[in-house]
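J.: Quick one, what's the 3D model for this:
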Amino acid sequence: MIGLIAAVVQWLLTHWWVLVLAAVVAVAIGVFWYQRAKQRAEWERVRAAALRLRIAELDELDHRAFEFAVRDLMRRDGCEAEQLGGAGDNACDVRAVDPAGRVWAIQCKHRRDGDQGSAVGVGVLQQVNGTARQIHGADVAVVLTNGRFSSKAIPWGKQHRIHLVDRRVLSEWASGSRPLWDLLDRIPPSRRPSALS
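T.: From the prediction side, this is the model:
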């Protein structure tokens with residue numbers, strides 16, 4: 001075994017140009033992959049910044065794709081956002097941190113029939129109220145639907161500081177008019193200090 005290694009080393013020393021060629025090829029491949037990764041990241045940034053969705057497009061999604069669409073809309077607006085939905089999500093399908101440092105816990109309720117489907121009721125809001133701040137550390141608790149909320153859910157949400165995003169607000173937000181925090185009332189102040197503080 002040692003003899004074989006010595007023979008390979010001797011051959012490489014005699015044919016040193018093979019090592020140089022291998023190094024040049026390795027560098028070229030590395031530069032190529034780096035440029036491709038950089039280009040893909042730039043394409044993703046441009047795609048996310050230009051993301052506009054119509055409410056009809058959101059209606060056509062299944063519940064999981066709806067959660068990813070909400071995550072992507074939060075990212076479009078400059079948030080760090082992740083989709084958490086699924087078993088054991090503790091009533092938070094999307095968790096995000098906005099540019100002001102606020103943590104958002106968003107529970108998504110997709111209705112296949114839009115506002116003609118069943119209304120989101122107080123029970124969903126109670127689940128969010130029990131987990132958003134305590135488990136997810138949320139500054140902003142949101143229940144978001146492409147449908148509507150029951151008449152009892154609306155005052156209950158206000159009383160417990162849960163922001164309700166219904167079909168109208170979702171449509172305005174998804175179309176790219178303004179970030180979600182500009183469309184909601186009573187959003188907590190920024191966690192990050194301003195230049196004046």
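
J.: Helix or strand with the lowest mean pLDDT in this structure?
T.: None of the helices or strands of the chain scores lower by mean pLDDT, DSSP states H and E than helix 16-49, at a mean of 77.

J.: any residues touching the helix or strand following that helix, and which ones?
T.: Downstream of helix 16-49, the first helix or strand assigned by DSSP states H and E is helix 55-60. For helix 55-60, contacts defined as C-beta atoms under 8 Å, 6 or more residues apart in numbering pick out 66, 69, 110, 112, 114, 146, 167, 170-171, 174. From N, CA and C alone the C-beta is placed, and that goes for glycine too.

J.: Just the buried residues of helix 55-60, please?
T.: 55, 58-59 (16 or more other C-beta atoms under 10 Å).

J.: Run through the protein and note the low-pLDDT ranges.
T.: 39-50, 192-197 (pLDDT under 70).

J.: Could you chop it up by domain?
T.: 2-48, 55-183 (automatic domain parsing).

J.: and the strand or helix carrying Gln126, which residues are buried?
T.: In this assignment (DSSP H and E), Gln126 forms part of helix 122-131. For helix 122-131, burial by neighbour count (16+ other C-beta under 10 Å) applies to 122, 124-125, 128-129, 131.

J.: What are the contacting residues of that helix?
T.: Contacts of helix 122-131 (C-beta under 8 Å, 6+ apart): 90-92, 105, 107, 109, 141-143, 150, 152-153, 156-157, 160, 162, 164.

J.: let's see it at 6 Å
T.: Helix 122-131 is contacted by residues 90-91, 107, 141, 143, 152-153, 156-157, 160, 162 when judged by C-beta atoms under 6 Å, 6 or more residues apart in numbering.

J.: just stretch 73-92 next, same as before
T.: So stretch 73-92 is contacted by 48, 51, 67-68, 71, 93-99, 105, 107, 127-128, 131, 135-136, 179 (C-beta under 6 Å, 6+ apart).

J.: switch the cut-off to 8 Å
T.: 48-49, 51, 53, 63-64, 67-68, 70-72, 93-99, 104-108, 124, 127-128, 130-132, 135-136, 138, 173-174, 176, 179-180.

J.: Right, I'll call it a day here.
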